[in-house]
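Engineer: Sequence plus predicted model, see below.
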Amino acid sequence: MSDKKRIVSGMRPTGPLHLGHYYGVIANWIKLQEEYDCYFFVADWHALTSEYANPTKIKDFVPGLVKDWVAAGLDPEKCVIFQQSMVKEHAELHLLLSMTTPLGWLERCPTYKEQKTELVQKELNTYGFLGYPVLMATDILMYKPCAVPVGKDQLPHLELTREIARRFNHLNKTELLPEPEDMLTEESKLLGLDGRKMSKSYGNSIMLSEPMDELMPKLRGMKTDENRLRKNDPGDPKVCNLYPYHKLMTDPAKLPEIQEGCRNATWGCVDCKKLLMKSMEEFLTPLHERRAACTDERVQEILEAGNKKARIVAQQTMEEIREVMNFNF
Ligand code: TRP
């Protein structure tokens with residue numbers, strides 16, 4: 001047993017990861033794996049809540065997600081990497097918790113209300129979609145973590161998780177399920193190439209697995225300071241869409257020079273993009289190498305080992321749950 005505090009987090013396998021995911025989520029996980037007993041999982045059942053018509057697509061994205069994680073620097077020796085649907089205990093606990101979760105809690109959930117109006121075409125009027133937060137509470141409570149690193153958008157789900165735990169404890173006169181704290185992940189400062197939020201559906205992203213020869217064409221079309229129409233117009237890094245990339249990826253010693261060159265128009269956006277191209281190459285090269293080394297067989301190995309470790313904890317929790325419910329036959 002590790003004496004480190006435990007945390008749990010998951011991601012849905014809905015496509016390849018981009019730099020926004022890296023700076024928004026994964027860079028944080030990589031830090032956390034040094035300090036905590038981490039359980040990171042592929043939330044494939046959660047992906048089904050919206051993609052139920054295309055389970056095969058989800059299946060194809062699972063190994064890709066694990067490869068992206070390992071490429072970015074998650075180390076299966078330091079954290080447990082597993083797949084939700086391969087730890088069947090999640091299904092049992094989800095069922096039990098669904099019995100005690102009032103419908104009103106779920107109907108009031110802001111993510112439910114938003115998505116329902118946004119994704120009308122997808123027909124999300126399902127039992128499973130309404131129950132998304134119950135499944136998420138299950139993923140979390142199963143491992144009794146002290147905290148859950150998530151973005152702001154997931155905080156309502158975490159609040160519900162605590163309510164679900166509290167109700168379970170109250171009904172069963174137990175303290176079995178601790179209420180996990182928020183561990184808020186700072187949002188990524190990177191916007192997409194077009195200045196909107198970086199998102200796969202906008203086609204404005206740079207993937208962690210982006211082929212090197214596609215970087216420059218993408219950067220060429222990238223929005224910079226829109227007030228800077230000609231090279232000899234002065235620019236302003238503060239409002240430039242590209243400058244935040246330098247802040248994250250370029251040697252900090254070079255930043256003052258970039259700022260000055262932009263402000264007094266001695267340095268054009270094309271120069272800036274060429275330098276960014278170099279920084280990105282340096283950043284992505286080791287990721288691409290680790291990705292190449294992470295074969296399908298290696299992914300299988302990582303998941304099998306991680307699923308096994310997760311199952312040990314999950315089986316233990318389920319025994320305790322059945323016991324406090326007096327439902328152990
Ligand atoms: N809902 C999360 C998201 O969309 C993914 C997720 C599922 C999760 N189960 C979880 C995150 C448990 C943290 C803990 O990002």
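Structural biologist: On my side now, so go ahead. Quantities reported herein were computed from a predicted structural model and do not represent experimental measurements.

Engineer: going forward, measure contacts and count neighbours with C-alpha atoms only.
Structural biologist: OK.

Engineer: which residues of this structure score low on pLDDT?
Structural biologist: 1, 116, 118-121 (pLDDT under 70).

Engineer: In terms of residue numbering, what are the domains of it?
Structural biologist: The chain breaks down by automatic domain parsing into domains covering 6-189+296-324, 210-290.

Engineer: So which of these is the most surrounded?
Structural biologist: domain 6-189+296-324 (a mean of 18; mean count of other Cα atoms under 10 Å).

Engineer: does any bit of that domain sit next to the ligand?
Structural biologist: Yes - Domain 6-189+296-324 reaches the ligand (Cα under 6 Å from any ligand atom) through 8-12, 43, 136, 139-140.

Engineer: Narrow those to those in helices?
Structural biologist: Counting by DSSP state H, the part of those found in helices is 136, 139-140.

Engineer: returning to that earlier point: can I get the residues of domain 6-189+296-324 next to the ligand in TSV including distance to Asn28?
Structural biologist: TSV is the format used below for the residues of domain 6-189+296-324 next to the ligand (distance: Cα to Cα, whole Å):
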residue	distance to Asn28
Val8	13
Ser9	11
Gly10	13
Met11	14
Arg12	17
Ala43	18
Met136	20
Asp139	20
Ile140	18
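
Engineer: related to what we said a few turns ago, of the ones in helices among the residues of domain 6-189+296-324 next to the ligand, which is the nearest to the ligand?
Structural biologist: Comparing these against the ligand with Cα to the nearest ligand atom places Met136 closest, at 4.1 Å.

Engineer: Tell me which residues touch the closest one, please.
Structural biologist: 46, 157, 161 (Cα atoms under 8 Å, 6 or more residues apart in numbering).

Engineer: what's the spacing between the first one and Pro110?
Structural biologist: His46 sits 17 Å away from Pro110 when distances are taken as Cα to Cα, to the nearest Å.

Engineer: Wasn't Val313 part of a helix?
Structural biologist: Yes - under DSSP: H, G, I helix; E, B strand; the rest coil, Val313 falls within a helix.

Engineer: Would you map the strands across the chain?
Structural biologist: 6-11, 37-42, 80-83, 147-150, 181-184 (DSSP state E).

Engineer: Alpha carbons of the fourth one, in CSV - could you do that?
Structural biologist: This file holds the C-alpha atoms of strand 147-150, laid out as CSV (Å, rounded to 0.1, in the frame of the first residue of the first chain):
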residue,chain,number,x,y,z
ALA,A,147,-9.5,14.6,-4.3
VAL,A,148,-10.3,14.6,-8.0
PRO,A,149,-8.4,16.8,-10.4
VAL,A,150,-10.9,18.1,-13.0
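
Engineer: packing partners for that strand?
Structural biologist: strand 6-11, strand 181-184 (3 or more Cα pairs under 8 Å, 6 or more residues apart in numbering; DSSP states H and E).

Engineer: which other residues reach it?
Structural biologist: 6-9, 25, 140, 158, 180-185.

Engineer: and if you look at the second one?
Structural biologist: Identification of contacts with strand 37-42 by Cα under 8 Å, 6+ apart yields 2, 4-13, 32, 62, 65-66, 78-84, 310.

Engineer: between that strand and strand 6-11, how many degrees?
Structural biologist: Per axes from the mean of the first three to the mean of the last three Cα atoms, to 10 degrees, the angle that strand 37-42 makes with strand 6-11 is 20 degrees.

Engineer: what distance separates strand 37-42 from the middle of the whole chain?
Structural biologist: 11 Å (Cα atoms, centre = their mean, to the nearest Å).
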